[in-house]
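# Return atomic coordinates for the entry below.
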Amino acid sequence: DGVYVTCCNLNGPVGLAYLPYLAFMRSSDGPVINFYNEATVRELVNGKDSLTLDIHTDYPESGHVVIKVNPAKSAKFAVTLHIPSWSRRTLLRVNGRRQKASPGTYRKIERTWAPGDVITMDFDMRCRVIPSPEGSREGAGGFVAVLRGPVVLARDENIDSHYSEPVRIQV
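Numbers count the residues shown, from 1 in each chain. A predicted model of the protein is given here:
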C-alpha cells in the first residue's frame with residue numbers, strides 16, 4: 001500500500017522487456033542489428049543454412065564492436081547494421097576493409113559471407129552538449145544535457161552532495 005503507480009512507472013520496464021525483440025531482427029535479406037550488446041545470435045540464412053553472429057563489445061563503455069560472422073558455409077546474404085545518429089564518424093570495416101557508414105542510417109552489407117568473416121565498428125563516443133528544448137518545461141531555458149555516445153551523463157545525489165547545484169561546462 002501507499003505505492004504511487006502511474007503509466008510512467010510501468011512503461012520503462014515494459015520498454016526494457018522488449019529490447020531482446022528489437023536488438024536483433026531479421027529481414028528477407030538477412031539479419032538486422034539495431035543494438036550492440038555482447039551476444040550470440042543464431043539465424044537461418046536463405047531459409048535453410050544456419051548463421052551465427054558473435055558480438056563482442058563493452059559498448060557503451062567504449063565504442064568498439066566486433067561481430068564475427070559464421071555461416072555454416074559460404075552464402076550470399078546481407079547483414080544490416082544500425083548506425084546511430086549521434087555517431088558522427090563511425091569507422092566500419094569488413095575483414096579490415098573500410099565501408100561507408102552514415103549517421104542515422106542503416107548500412108546494408110550484401111556479399112558472399114564466409115565462416116570467420118569479421119565486421120568491426122568504432123562509434124564516435126565524444127561528449128555532446130544538448131540544450132533543453134524550448135517550451136519543454138517552464139524555467140527550463142538554459143539547461144543542457146551532457147551525453148557520451150548514447151548515454152546521458154547525470155549527477156547522482158547518492159554520491160554527490162552538490163548534485164543540484166549548477167555546473168559550468170567547458171567546451
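# got a pLDDT number for the residue nearest the centre of the chain?
Centroid-nearest residue in the chain: Phe35, 4.0 Å away (criterion: C-alpha atoms, centre = their mean). Reported pLDDT at Phe35 in the predicted model: 92.
# Excluding covalently adjacent residues, which one is nearest to it?
Nearest residue to Phe35, sequence neighbours excluded (C-beta to C-beta, 6 or more residues apart in numbering): Ala23, at 4.0 Å. C-betas here are computed from N, CA, C, even on glycine.
# and the one you found, how many residues sit next to it?
Per other C-beta atoms under 10 Å, the neighbour tally for Ala23 reads 17.
# which residues sit in contact with it?
The neighbourhood of Ala23, defined by C-beta atoms under 8 Å, 6 or more residues apart in numbering, consists of 33-35, 37, 39.
# Write the ChimeraX selection for whichever of those residues are buried.
To isolate the buried members of the contacts of Ala23 in ChimeraX, using 16 or more other C-beta atoms under 10 Å:
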select :33,39
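# Return the closest of the contacts of Ala23 with respect to Val152.
Within the contacts of Ala23, the smallest distance to Val152 is 16.5 Å, found for Phe35 (C-beta to C-beta).
# who are the neighbours in contact with the closest one?
19, 22-24, 82.
# Could you work out the most separated pair of these?
Farthest apart among the contacts of Phe35 by C-beta to C-beta are Leu19 and His82. That separation is 13.4 Å.
# Comparing the two, which shows the higher neighbour count?
More neighbours surround His82 than the other of Leu19 and His82, with 17 against 11 (other C-beta under 10 Å).
# Quick check: the nearest residue in space to that one that is not next to it in sequence vs Arg98, distance?
Spatial nearest neighbour of His82, excluding adjacent residues (C-beta to C-beta, 6+ apart): Asn34 at 4.6 Å. According to C-beta to C-beta, to the nearest Å, Asn34 stands 22 Å off from Arg98.
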